[in-house]
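In: predicted coordinates and the sequence they were generated for:
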Amino acid sequence: MGVHELWSIVEPVRESVPLYSLSGKTLAVDLSLWVCEAQHVQAMMGRVTKPHLRNLFFRVSSLTLMGVKLVFVMEGEAPKIKAETMSKRTEQRFGGLKKASAPKTTSNTSRGRFNAVLRECAAMLDYLGVPWVTAAGEAEAMCAYLDSEGLVDGCITNDGDAFLYGARTVYRNFNLNSKDPQVDCYKTSRVHTDLNISRENLVGLAVFLGCDYIPKGIPGVGREQSLKLIQMLKGQTILQRFTQWKEDNAGVSEGVLKKVPHCHLCRHPGSAKAHERKGCVLCDSNHFCQPQDFDYQCPCDWHRFEETRQAVSLEANIRKKTLASQLFPFTEIIKEFLISKDKPVSQFKRRQPNLMLIQKFAYDKMEWPKHYTSEKALVLMTYSELMNRKYGREMSSQIKPLRILKPRVRNAVACFEIVWRTPEHYVFPEDRPAEDQHEVRTVEEESLFRVAFPEVVESYLRDKALAEENKTKKKKTKSKKEKPSDVSDGISDLLAQMTIQTSSNTEPQKLPASNPDDLEVVVLDTPVNHKQRQKSKEEHSSLGDCPKTPLSHAGSEAAAASPSVSDAIDALHLSDIDWEALSFTSSPTPQSTINHTTEPKLRETTDSDVIDERIELKISNDVVRADSDLRCASQSVL
């Protein structure tokens, strides 16, 4: 239970810190409070077998994986002065059974049923490899002792008595379910400096307000009066005042000073009418007075002694009520808080989790299937293995990593997904194929795994670099192969669209005729650009003096062998040709009689001419030579 209203008193010094800030710290845990909390969780009541064990397992797992080292403290023998409190708690838990025998239990401080629950928790902690110790008396007293001696870095408890027992740092109100887990932190040093409340005064507050050893406290003395008394003492403590109060009137002097009437305007001695007629001395006025604020402090003798008078009166009132208590001067309570019964612990022994024993325990106590327990305990086994290797602890290895599967990120922390060899006694679900039962996977923090297994990380990085290198080489090879094919495909498409013969010997053919006098030469348009065509014309004009020889036999055979040329000549009606036009066409001819349609029409320079220039180097020389021979032949015929 702790001191009544203590948490509200120390609220100004509460700090909400990230739960991950506890990583690397060793903390003492008051196990009894965790057990009591689990028994009052409505969501688990009637649905979960042994909720205190389930709560303990998952809290240990979560905090351990965060890097928090836990030391659990079991309850010892309760102080005799706590008998009344324990009797009332037993009555509340079991509904007032055997009320007739209640007086016999007023001095009974045994924890029979509760100790049985704690023994179950201790067995689970043993199987998980987490250390625990037993207190000589109260668990929070042992937690505070370990903290004050520097054996741990703080206490995890909801019992405010830890401050009175000498704890330096107290953590409570864990929030493990949110994305940003937090925990409330209280520093005793800030209680002393910011609130001006020492450890001895905290013990005095426990007496006034009530605690486990004096449940009702001092009747009539509340929180405000107690805090005012602490501020009034200025250098002394409440415990020192208890010693003085043993003697009659010791340290208490109730001076009596008659109150003088004061003006309600200036708050100085005298009435408002008197100040109106004669003025006010303190206001330094001959007529009327100067109005003051409501919180103005009058410097007169009565007001100067009023604060002292109120303090004396407050102390006298508290003293009177305190002396009426049968437990005064509270020697046993003070000794319980200020004198430690516990002995120092030299070392906390941490062990590896025992998978087989925790499976059996969870199945018997919580009805967990063994494959479920194996899955939940696996992360504790791998974490224990990593920590043992990091700090060089000589322990037998329970699990071995096979390889790193891939990088992962968990809670904004770089991690690795690790493939482990299946540890001994690990149980898989029944629907898991037998061939998949040779390995298990977990996600581990990258920095920790690098320290524990540097050779595995080095192998993973080497394979990854090699894979990236091979991937880059394949990309370069593929790009080199694709570039020529793309160009050739483009040229072939253009050639197909313009009906160009792809053979290297393609050239305009000379046309034979049976009657030389009626022969007309038709030169089909070729994919030569306009500039090349002009150049050819100029060269032809210089050949006007060439000898007029008949067509060679070879030229006739070449013309006859070309079906496109012969079909085009048959389709033309030479009498309809307009020789003065830029181009010539034949008269309409049924489409069925034309096997190959050609349009020897002079075209303007277009995009196709630009494409023609790209292939000009390949065919221009042959075309010019053939065109020159053909024109010479036609002039000789004409």
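Out: It's in.
In: C-alpha only now, for contacts and for neighbours.
Out: Will do.
In: just the buried positions in stretch 4-19, please.
Out: For stretch 4-19, burial by neighbour count (16 or more other C-alpha atoms under 10 Å) applies to 4-6, 10, 13-14, 19.
In: export those residues to JSON lines and tack on pLDDT, secondary structure and distance to F174?
Out: Formatted as JSON lines, the buried residues of stretch 4-19 follow (pLDDT from 0 to 100; DSSP: H, G, I helix; E, B strand; the rest coil; distance: C-alpha to C-alpha, whole Å):
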{"residue": "H4", "pLDDT": "92", "secondary structure": "coil", "distance to F174": "21"}
{"residue": "E5", "pLDDT": "93", "secondary structure": "coil", "distance to F174": "20"}
{"residue": "L6", "pLDDT": "94", "secondary structure": "helix", "distance to F174": "19"}
{"residue": "V10", "pLDDT": "95", "secondary structure": "coil", "distance to F174": "18"}
{"residue": "V13", "pLDDT": "96", "secondary structure": "helix", "distance to F174": "17"}
{"residue": "R14", "pLDDT": "96", "secondary structure": "coil", "distance to F174": "13"}
{"residue": "L19", "pLDDT": "91", "secondary structure": "helix", "distance to F174": "8"}
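In: in the stretch 151-300 of the chain, where is pLDDT below threshold?
Out: Applying pLDDT under 70 to the stretch 151-300 of the chain flags the ranges 177-178, 248-259, 264, 294-295.
In: that one: strands as residue ranges?
Out: For the stretch 151-300 of the chain, the strands defined by DSSP state E, counting those that start in this stretch occupy 154-156, 169-175, 182-187.
In: same question, the chain
Out: Counting by DSSP state E, the chain has strands at residues 15-18, 26-30, 69-74, 132-134, 154-156, 169-175, 182-187, 401-410, 413-421, 439-445.
In: in stretch 119-136, what counts as buried?
Out: Within stretch 119-136, the residues that qualify as buried are 121-122, 124-133, 135-136, counting by 16+ other C-alpha under 10 Å.
In: C121 is in contact with L53, correct?
Out: Yes: counting by C-alpha atoms under 8 Å, L53 touches C121, with 6.4 Å between them.
In: now Q352: how far from R450?
Out: The spacing between Q352 and R450, counted by C-alpha to C-alpha, to the nearest Å, is 21 Å.
In: of the two, which one has the most company?
Out: Set side by side, Q352 and R450 show more neighbours around Q352, with 21 against 16, by other C-alpha atoms under 10 Å.
In: hang on, the more buried one packs against S384?
Out: Yes: between Q352 and S384 there is a contact at 6.3 Å, judged by C-alpha under 8 Å.
In: name the residues that touch stretch 16-32?
Out: Stretch 16-32 has contacts (C-alpha atoms under 8 Å, 6 or more residues apart in numbering) with 66-75, 118, 139-140, 143, 146-147, 152-157, 174, 180-185.
In: mind redoing it with 6 Å?
Out: 66-73, 139-140, 143, 152-157, 181-184 (C-alpha atoms under 6 Å, 6 or more residues apart in numbering).
In: put the buried members of those residues into a PyMOL selection.
Out: A single PyMOL command selects the buried members of these (16+ other C-alpha under 10 Å):
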select buried, resi 67+68+69+70+71+72+73+139+140+143+152+153+154+155+156+157+182+183+184
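In: is it true that C185 touches Y171?
Out: Yes: look at C185 against Y171 with C-alpha atoms under 6 Å: they come within range, at 4.7 Å.
In: give me the more crowded residue out of those two.
Out: Legend: neighbour count by other C-alpha under 10 Å for C185 and Y171, higher for Y171 (22 against 19).
In: let me see the contact set for the more buried one.
Out: Y171 sits next to 156, 184-185 when contact means C-alpha under 6 Å, 6+ apart.
In: which of these sits closest to A362?
Out: I156 (25.2 Å; C-alpha to C-alpha).
In: for the closest one, give its distance to N175.
Out: Counting by C-alpha to C-alpha, the gap from I156 to N175 is 13 Å.
In: same question, S226
Out: 33 Å.
In: those two: which is more packed in?
Out: A count of neighbours by other C-alpha under 10 Å puts S226 above the other of S226 and N175, at 20 against 14.
In: show me what contacts that one?
Out: Counted by C-alpha under 6 Å, 6+ apart, S226 has zero contacts.
In: check the gap between it and N196 for me.
Out: 13 Å.
In: again, but for A467
Out: According to C-alpha to C-alpha, A467 and N196 sit 66 Å apart.
In: compare neighbour counts for these two and give me the winner.
Out: Ranked by neighbour count (other C-alpha under 10 Å), A467 and N196 place N196 first, with 15 against 12.
In: and the closest residue in space to that one that isn't next to it in sequence, how many neighbours does it have?
Out: Excluding its sequence neighbours, the residue lying closest to N196 (C-alpha to C-alpha, 6 or more residues apart in numbering) is Q231, at 7.7 Å. As a burial measure, Q231 scores 15 neighbours (other C-alpha under 10 Å).
In: cool, A43 as well?
Out: So A43, with other C-alpha under 10 Å, has 10 neighbours.
In: before we move on, what about the one 4 residues further on?
Out: Using other C-alpha under 10 Å, R47 is surrounded by 9 other residues.
In: which pLDDT value goes with it?
Out: With respect to pLDDT, R47 scores 81.
In: number the chain from 48, please
Out: In the new numbering, first residue 48, that becomes R94.
In: that one and R101, how far apart?
Out: From R94 over to R101 the distance is 12 Å, taken as C-alpha to C-alpha.
In: for P480, same thing?
Out: To R101, P480 is 29 Å away according to C-alpha to C-alpha.
In: higher neighbour count, those two?
Out: Set P480 next to R101 and count neighbours by other C-alpha under 10 Å: R101 wins out with 18 against 9.
In: and the gap between that one and D241?
Out: Applying C-alpha to C-alpha, the value for R101 to D241 is 40 Å.
In: by mean pLDDT, flag the weakest helix or strand of this structure.
Out: When each helix and strand of the chain is scored by mean pLDDT, DSSP states H and E, helix 600-608 comes last, with a mean of 40.
In: still on that earlier bit, how about a markdown table for the strands of the stretch 198-347 of the chain, with distance to H472 added?
Out: Putting the strands of the stretch 198-347 of the chain into a markdown table (distance: least, C-alpha to C-alpha, whole Å) gives the following:
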| stretch | distance to H472 |
| --- | --- |
| strand 201-203 | 34 |
| strand 216-222 | 34 |
| strand 229-234 | 36 |
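In: where in the stretch 348-497 of the chain is pLDDT low?
Out: For the stretch 348-497 of the chain, the stretches flagged by pLDDT under 70 are 348-353.
In: run the last query once more with 80
Out: Across the stretch 348-497 of the chain, residues meeting the criterion (pLDDT under 80) sit at 348-358, 393-394, 441, 458.
In: which residues in it form helices?
Out: 348-370, 378-385, 402-412, 417-437, 493-499 (DSSP state H, counting those that start in this stretch).
In: export those as CSV, with columns for distance to K520.
Out: Formatted as CSV, these follow (distance: least, C-alpha to C-alpha, whole Å):
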stretch, distance to K520
helix 348-370, 89
helix 378-385, 75
helix 402-412, 48
helix 417-437, 38
helix 493-499, 30
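In: ok, back up a step: which of the buried residues of stretch 51-66 sit farthest apart?
Out: H51 and L66 (27.1 Å).
In: please name the bridge partners of I203.
Out: Taking DSSP bridges as the rule, I203 bridges to V76, Y218.
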